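model this:
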Amino acid sequence: MGKTFKKQGLQEFKARIGRVDSFYARHGFSKPIVSNRCERPVLWSIIGFAWIGFVISIAENRAYLEESLAQGALSAQHRDWILYALAALVVVSAIKLGFHAMRCLLRGREQRGVSGSLLVGALGAIVVTQIPADALHGGVEVLGAGTQAILLAATDTAEKTIGVDTSTIAFVSRSITD
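Prediction:
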């Protein structure tokens, strides 16, 4: 036996549409569903932190980069090209960061996308690079002997596991080494 279909009238059809999509039943068109929310804010904050941290280290250490490139086997023309590319990276990053700031300020919560998370990461990178070295050392001293012992044990374990001597690691950013 086959199924029998009952012919719907206009009122029955409108009632069914009202149950399925009430917005369409009232206004005659469907409400657009646009979701431009950041689904992974922690990931984008880390990306923003790494991006702006890298850009700040390039901007602050231009003389060191020039010296380092001069010690290599590159010609002067190639060194200039590399420095121009790095300068362009800094400028483009500043412009892009400004676009993200404007997007975060001028758009609603649903339309911001990852801009807010990137700006939080960028702000974190700016704060970390601007902390004086004395404040960093003071912060480590505040942690106390127990926490310092845990950090030293973790460092020793990493040195034994990986085989890297962390005492020879040198930071290149002026804000950390000053």
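
could you list every residue that touches Leu89?
Leu89 sits next to 55, 58 when contact means C-beta atoms under 8 Å, 6 or more residues apart in numbering. Backbone N, C-alpha and C define where each C-beta goes, glycine included.

nope, Val42 is what I meant
Ser117.

so it: helix, strand or coil?
helix (DSSP: H, G, I helix; E, B strand; the rest coil).

shift numbering so it begins at 498
Shifting the count to begin at 498 puts that one at Val539.

quick one: pLDDT of it?
Here, the pLDDT recorded for Val539 equals 92.

go on, Val531?
For Val531, pLDDT reads 64.

now do the helices in the chain.
507-517, 519-524, 538-557, 559-568, 573-603, 612-627, 630-640, 642-659, 671-674 (DSSP state H).

what about Arg609, neighbour count?
19 (other C-beta atoms under 10 Å).

surely it meets Arg600?
Yes. Applying C-beta atoms under 8 Å, one finds Arg609 in contact with Arg600, separated by 6.2 Å.

give the contact list for Leu583.
555, 559, 562.

Ile628: which of those is nearest?
Ile555 (18.7 Å; C-beta to C-beta).

residues touching that closest one, list them.
Counting by C-beta under 8 Å, 6+ apart, Ile555 touches 562, 583, 586-587.

swap in Leu580?
559, 562-563, 566.

which two of these have the greatest separation?
Taking C-beta to C-beta, no two of the contacts of Leu580 sit farther apart than Arg559 and Leu566, at 10.6 Å.

who has more neighbours, these two?
Under the neighbour definition other C-beta under 10 Å, Arg559 and Leu566 were set side by side, and Leu566 has more, 16 against 13.

the more buried one contacts Arg576, correct?
Yes. The criterion here is C-beta under 8 Å, and Leu566 meets it with Arg576 at 4.5 Å.

rewinding a little: nearest to Thr652 among the contacts of Leu583?
Once C-beta to C-beta is applied, the member of the contacts of Leu583 that ends up nearest Thr652 is Ile555, at 27.8 Å.
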